[in-house]
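# Build the 3D model from these lines:
(chains A and B)
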Amino acid sequence: MSKIENFSYDNKIVRDFGIATTIWGIVGMLVGLIAALQLIWPVCNVTQYFTFGRIRPLHTNAVIFAFVGNGIFMGVYYSLQRLLKARMWSDKLSKIHFWGWQAIILAAAITLPLGFTSSHEYAELEWPIDIAIAVIWIVFGLNMFGTMLKRRENHLYVAIWFYIATWVTVTVLHIFNNLEIPVSMMKSIPVFAGVQDALIQWWYGHNAVAFFLTTPYLGLMYYFLPKAANRPVYSYRLSIIHFWALIFIYIWAGPHHLLYTSLPDWAQTLGTAFSIMLIAPSWGGMLNGLLTLRGAWDRVRRDPILKFMVVAVTSYGMATLEGPLLSFKSINAISHYTDWTVGHVHIGTLGWNGMLTFGVLYWLWPRLYGTKLFSTKLANTHFWLGTLGTMFYAIPLYWAGWTQSMMWKKFTADGFLAYGNFLETVTQIIPMYMVRALGGTIYLVGVCLMAYNLWKTAKAGTLIANVEASAPARVKYIPKKSDHWHSWIERRPIQLLIGSAIMVLIGGMVEIFPMLIIDDNVPKIASVHPYTPLELEGRDLYIREGCVNCHSQMIRPFRSETERYGEYSKSGEFIYDRPFLWGSKRTGPDLHRIGKKYSHSWHYNHMLDPETMSPGSIMPPYPWLLTQDLNTDYTVAKIKVLKMLNTPYPKKYEEKALDDLTTQALKIANELREQGADQEGLENKEIVALIAYLQRLGTDIKPKK
Amino acid sequence: MYKYILETAGNINWMAVFSLLTFFIIFSISIYLVVVKKESDLKHMAELPLADDNQNTKS
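Residues are numbered from 1 along each chain as shown, chains lettered A, B, ... in the order given. Predicted coordinates:
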């Protein structure tokens, strides 16, 4: 028998992350609610810093990385210490991790409304913040692996495997999707362009869902559900298969976000095939969670914590069935670009992440403060508000998605689009948006009730910052003859890290490397040329304003789309697009063939007040584009970086880029004046650059007159 | 574009076969290892979360 060692668990860090997840949860959801209201009443877009295009990424980043992120760390810091029978390796690293992460969130909350964005969904933050994220993530990893190395328990419980896979995969994803060259302190240009950028972005985007919103939460489920139900997981065998199958398959599924786009068919097919295969491990995990409650269902009726967890696991099951179904090309043809996707995502986030976080918080708080929950009744009320809020949120969006998609695709008996004016398909779904906003409000009220309940609980008790514990010192495990490979790896965190890395890298490499190294995957089109300096600046304004959040630039090869927008998009048209701007949602129409469709003055007036050109439009006005001078301080630097990335500008073009910019701006300003837009110094204003970009869009392959 | 991709499809077929084979192998190995795992080890692992903490809430 080995010596008994006394030590303590660090509860303070768990409490801190718990407070952070609650506060950021309220903030992130409030921003989401404001964004939802902006889609009903454009007047809610107040000032240029708070338009839908800028705060939508603020909402997604806040709920993913601030609410869920802090929720992950709260659960990991609590469970890891106890499963390993060891205090965190370094209290200092825990503190650096906590404050570093909060500083990153604050930086996001400041820079995103200011328009600093890389435009990669869920990876919008600019390069200095990307570096900070990498540093803090490594701090977290060091602390986690340090704790594993000094543990007293030989075996690593399955929850820890999920934490390890999360850490290694997020590291890989973060690095690859943020390979960019800085142009200035808050602006960078991605290394990859067009289709390649799109594939890497959605490989990242999908796996942000997989390895930030799912695998760490599965780890939490495997720890906190048995704790709350007071019984072991239904099948430990199943959890092992769940783990390996899930992490191997998930990494391949990214291309299902790009079905019917210019991505080569083979990559789309791989994405679809692996997405469908995902049903098996996902449902295996869900059933394992639900069956853990066998014999305890009577308690589920009484215990709000178990209620939250049951709804969370059920939502996980629903979302992971719906996801693969949406990956069928025939279903995706209907769902993509519509609110169906938004509804689907929120079943996952509100239902799975939200409800599990709340369940864990209600379970943890009385233990952290050595008291009982202030009000079980209030927690039950929160449960019903959360469940109803999720339903009121998601169901109208499913309805909206189907309605809009059917309207986009409807033809008259004479073969014309039944709803040729895109706006008709938007105004039709405004009532659904109203119900969605109501659902979001209900959900948010529930979270506020929880914050109050937790605050009162904390007031009633005293924080037990350090929990005394004792356990036998770890004795070196002597392998038995009957041991298998898996028993070996279960006791070795570093080898498990390497094994998980290999699993996820296989998918990444097979899928992405051919896209990067085989030029033939993106056939070149001779008439496609790099953007002019003015167009480049206009494109960066388009990125700054977050236009991509509502407008796609990818016409799929459907008759309903080519009739509405023009020729379908070709991969060769995007080879100079850094970053790609295909978008994922059409709240407004696709813009890939908008070039030369309208006059300069139409765009000028439309940006000044969209309702004058499109009555009933929910697009916010952008009057500041007409008054703010175009910043050309970094134009030369941008051209230099693009040349470094093999964009074929002429030799020494950077020396004459600004002259070309001025000439083109003058030309557009004069044309605008001829069309009636009489404004002093127009050629220096941002609107001219944006018009230059919009008028260029999709025109490279149009026959020249 | 489609014509071009079809022309080169022969070169990428290995990817689909490779990925499915890899998955099949990994899945089969994990099933085998799980099946041969000792009951006592599984029980010990499954009960780790329940045995880790003596801190309880007042109720």
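
# buried set for the helix or strand harbouring residue A:148?
In this assignment (DSSP states H and E), residue A:148 forms part of helix A:127-149. Using 16 or more other CB atoms under 10 Å in any protein chain shown as the test for burial, helix A:127-149 gives A:127, A:129-130, A:132-133, A:136-137, A:139-141, A:143-145, A:147-148. C-beta here means a position set from N, CA and C on the backbone, and glycine is covered the same way.

# again with stretch A:171-190
Across stretch A:171-190, burial judged by 16+ other CB under 10 Å covers A:171-174, A:176-178, A:180-181, A:183, A:187-190.

# Now do the residue in the stretch 251-400 of chain A that chain B sits nearest to against residue A:461, distance only.
For the stretch 251-400 of chain A and chain B, the shortest gap (CB to the nearest CB) falls at residue A:366, measuring 4.0 Å. Distance, residue A:366 to residue A:461, using CB to CB, to the nearest Å: 7 Å.

# Comparing the two, which residue is more hemmed in?
residue A:366 (21 against 18; other CB atoms under 10 Å in any protein chain shown).

# and the more buried one, what helix or strand is that in?
Taking DSSP H and E as the definition, one finds residue A:366 inside helix A:355-368.

# Who are the packing partners of that helix?
helix A:12-38, helix A:69-84, helix A:215-229, helix A:304-326, helix A:376-409, helix A:430-460 (3 or more CB pairs under 8 Å, 6 or more residues apart in numbering or on different chains; DSSP states H and E).

# low pLDDT regions in chain B?
By pLDDT under 70, the low-scoring segments of chain B are B:1-16, B:52-59.

# Correction: the previous question concerned chain A.
Flagging of chain A using pLDDT under 70 yields the residue ranges A:1, A:477, A:479-488, A:490, A:514-521, A:704-705.

# Could you say which helix or strand holds residue A:470?
Element membership for residue A:470, per DSSP H and E: strand A:466-472.

# Hmm, I typed the wrong one, I wanted residue A:188.
Per DSSP H and E, residue A:188 falls inside strand A:187-190.

# Tell me which other helices or strands the helix or strand that that strand is followed by touches.
Scanning forward in sequence from strand A:187-190 by DSSP H and E, the next helix or strand is helix A:194-208. For helix A:194-208, the elements it packs on are helix A:158-177, helix A:493-517, judged by 3+ CB pairs under 8 Å, 6+ apart.

# Looking at those, which is nearest to chain B?
Between the helices and strands packed on helix A:194-208, helix A:493-517 lies closest to chain B; by CB to the nearest CB that is 5.4 Å.

# buried stuff in the closest one?
Using 16+ other CB under 10 Å as the test for burial, helix A:493-517 gives A:493, A:496-497, A:499-501, A:503-504, A:506-508, A:510-512, A:514-515.

# Then stretch A:406-414?
Judged by neighbour count (16+ other CB under 10 Å), stretch A:406-414 contains these buried residues: A:407-409.

# ditto for stretch A:631-646
Going by neighbour count (16+ other CB under 10 Å), the buried part of stretch A:631-646 is A:632, A:635-643.

# What lies in contact with that stretch?
With contact meaning CB atoms under 8 Å, 6 or more residues apart in numbering or on different chains, stretch A:631-646 is reached by A:181, A:183-184, A:187, A:189, A:191, A:193, A:530, A:533, A:536-537, A:540, A:576, A:578, A:649, A:653-654, A:657-658, A:661.

# and stretch A:698-705, how far from the chain's centre?
How far stretch A:698-705 lies from its chain's middle: 35 Å, per CA atoms, centre = their mean, to the nearest Å.

# Return the set of buried residues in it.
In terms of neighbour count (16+ other CB under 10 Å), stretch A:698-705 has its buried residues at A:698, A:700-701.

# Same check on stretch A:642-658?
So, applying 16+ other CB under 10 Å, buried residues of stretch A:642-658: A:642-643, A:647, A:649, A:653-654, A:657.

# and it, C-alpha only, in CSV?
Output of stretch A:642-658 as CSV, limited to C-alpha atoms (Å, rounded to 0.1, in the frame of the first residue of the first chain):
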residue,chain,number,x,y,z
LEU,A,642,-0.4,40.1,-52.2
LYS,A,643,2.6,40.1,-54.6
MET,A,644,4.5,38.1,-52.0
LEU,A,645,1.5,35.6,-52.2
ASN,A,646,1.9,35.3,-56.0
THR,A,647,-0.8,37.7,-57.0
PRO,A,648,0.4,38.7,-60.5
TYR,A,649,0.6,42.5,-60.2
PRO,A,650,3.2,44.0,-62.6
LYS,A,651,6.7,44.5,-61.5
LYS,A,652,7.1,47.4,-59.0
TYR,A,653,3.3,47.9,-59.2
GLU,A,654,3.3,49.1,-55.6
GLU,A,655,5.0,52.3,-56.7
LYS,A,656,2.1,53.3,-59.0
ALA,A,657,-0.8,51.6,-57.0
LEU,A,658,-1.8,54.9,-55.3
